[in-house]
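Asker: got a predicted structure plus its sequence, pasted below:
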Amino acid sequence: MSLPDFLVTHKREVLTLTGEHLWLVGVSMLLAIAIGVPLGIFLSRRPAWKSLILGANNIMQTIPSLALFGLLLPVPWIGARADRLAILALTLYALLPVVRNTYTGIAGVDAPVREAALGMGLTPRQLLWQVELPLASNVIVAGIRTATVITVGVATIAAAIGAGGLGEFIFRGLAMVDNNVILAGAIPAALMALSADFVLGLIQRSLVRTHH
Amino acid sequence: MTDSPAAIEFVDVTYRINGNRTLISGLNLSIRRGETLMLLGRSGSGKTTTLKLINRLLAQSEGKVLVDGRSTTEWDVIQLRRHIGYAIQEAGLFPHYNVEDNVALVPRLERWDAARIATRVREVLQLVGLPYDEFASRYPDQLSGGQRQRVGLARALAADPHILLMDEPFGALDPITRAELQHEFMELRKSLSKTVVFVTHDVAEALMLGDRIALMDSGKLKGIFAPAEFLRSTDDSVQPYVNAFRTSQQILDSGA
């Protein structure tokens, strides 16, 4: 069966798996942002923690994704369902670029700007929301962009533990030695990564432009 | 505002960094209401540190700093800072705010009403020689160095603080722009009647702009002089400055 034929006959399944994939990536990214941005802000306030937290994150990235899925299996509640497990693993992978870029973006705010802001009587909270986060925003979005693209790719492996997503086609295609089935998973995943990259790139550029 | 004769007073102030290296030791200094006091010294003499002790960007290790008769440790630090204008060498304008928003910063933090802020921004931009209609909507990266300094000064003046701290505000400017701003600052100062503490390493600037000059060296106050006294002084720590100043004058004279 040719690829277009396969996609037409498996239309429902393509849509379901794409939906699952989006869900895995979306939830993981929301979690990674919800944890990663505050963690990056924390690091900018307590740089002594930087090597520990960024180091731990780095190590996380070196664990092969398949192994990480396996290692998380015994964790209570998380290990009970494949999608929970996949989301936790994907979140852990996505964390590093988000934390690192949040920290880098805030640390990159010019010292005189920060000094003037404090000297003018901004509270630490005002400094964060009115100065540091707006000025760091495009670097933070760049981190989210990198993390999202990685997560779309890694999420295909979630199918190996039964968490669904476009990886289903890829593993099935491998088992059937059918390239078209592999492509039916790989092409939508690639398109998803490209569109996420494109949209987040637009957001990133619009943030840079507002400074001028 | 209290009736205390001194706007700012240092009483036996010592500042140590991380509890060991001493940057300021035994500083006693009384800054009069309405005067312009120049803190003159070389790099590392402690003049910027002294300035930052006034708005509590740094906190002294020993002694007291009084602003309007009240110890800076008793002030709410945010109120203290909003009560004092602050202008620095690199201006430190917010790059994501246009000129108007930069200047309106403290009035907005202090929740002035919009009409009052708008009037004040126009007024204070006029004061520093930047017509509102031409400059209000520009961003800092669309301004020259001199214009950025003017905006920095306007921002420091916006909430009409009666104390103004200036940390080498003209230090990074080209000589012509610097002379221009120094001249305008002299004019401005007469009309504003503010207490100004001005950090500089430039003796000519100190002589030109100051009512008094506080000379600092290695974290100690070497003396306070009126400009004429400074030029006449035979004090060992003053001599190098006077010599440097005279030499540059002589070169100018012989060249003319």
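Answerer: On my side now, so go ahead.
Asker: can you tell me which helix in chain A is longest?
Answerer: Longest helix in chain A, counting residues (DSSP state H): helix A:11-45.
Asker: next SSE after that helix?
Answerer: The helix or strand immediately downstream of helix A:11-45 is helix A:50-62, counting by DSSP states H and E.
Asker: host element of B:Glu205?
Answerer: Per DSSP H and E: helix B:203-209 holds B:Glu205.
Asker: list of residues touching the next helix-or-strand element following that helix?
Answerer: Next helix or strand after helix B:203-209 toward the C-terminus (DSSP H and E): strand B:212-217. With contact meaning C-beta atoms under 8 Å, 6 or more residues apart in numbering or on different chains, strand B:212-217 is reached by B:29, B:35-42, B:45-47, B:50, B:206-207, B:221-227, B:230, B:237-238, B:241. Bear in mind the C-beta positions are built from the backbone N, C-alpha and C, glycine included.
Asker: follow-up on the earlier one: and the longest helix of chain A, what does it pack onto?
Answerer: Using 3 or more C-beta pairs under 8 Å, 6 or more residues apart in numbering or on different chains; DSSP states H and E, the elements in contact with helix A:11-45 are helix A:50-62, helix A:82-107, helix A:133-154, helix A:167-176, helix A:179-209.
Asker: hmm, try it at 7 Å
Answerer: Contacts defined by 3 or more C-beta pairs under 7 Å, 6 or more residues apart in numbering or on different chains; DSSP states H and E place helix A:11-45 against helix A:50-62, helix A:82-107, helix A:133-154, helix A:179-209.
Asker: and the lowest-mean-pLDDT helix or strand in chain A with helix A:50-62, angle?
Answerer: Each helix and strand of chain A was given a mean pLDDT (mean pLDDT, DSSP states H and E); the minimum falls on helix A:65-72 at a mean of 86. The directions of helix A:65-72 and helix A:50-62 differ by 110 degrees, with axes from the mean of the first three to the mean of the last three C-alpha atoms, to 10 degrees as the criterion.
Asker: chain center to stretch A:189-209: distance?
Answerer: Offset of stretch A:189-209 from its chain centre (C-alpha atoms, centre = their mean, to the nearest Å): 13 Å.
Asker: that older thread, looking at the helix holding B:Glu205 now, give me its mean pLDDT.
Answerer: Mean pLDDT, computed over helix B:203-209, is 94.
Asker: which SS state does residue 160 fall under?
Answerer: With no chain named, the answer covers chain A. Three-state assignment for A:Ala160 (DSSP: H, G, I helix; E, B strand; the rest coil): helix.
Asker: oops, I was thinking of chain B
Answerer: coil.
Asker: so B:Lys222 sits in a helix?
Answerer: No: according to three-state DSSP, B:Lys222 belongs to no helix; its state is strand.
Asker: and it, what does it touch?
Answerer: Going by C-beta atoms under 7 Å, 6 or more residues apart in numbering or on different chains, B:Lys222 touches B:Leu215, B:Met216, B:Asp235, B:Ser237.
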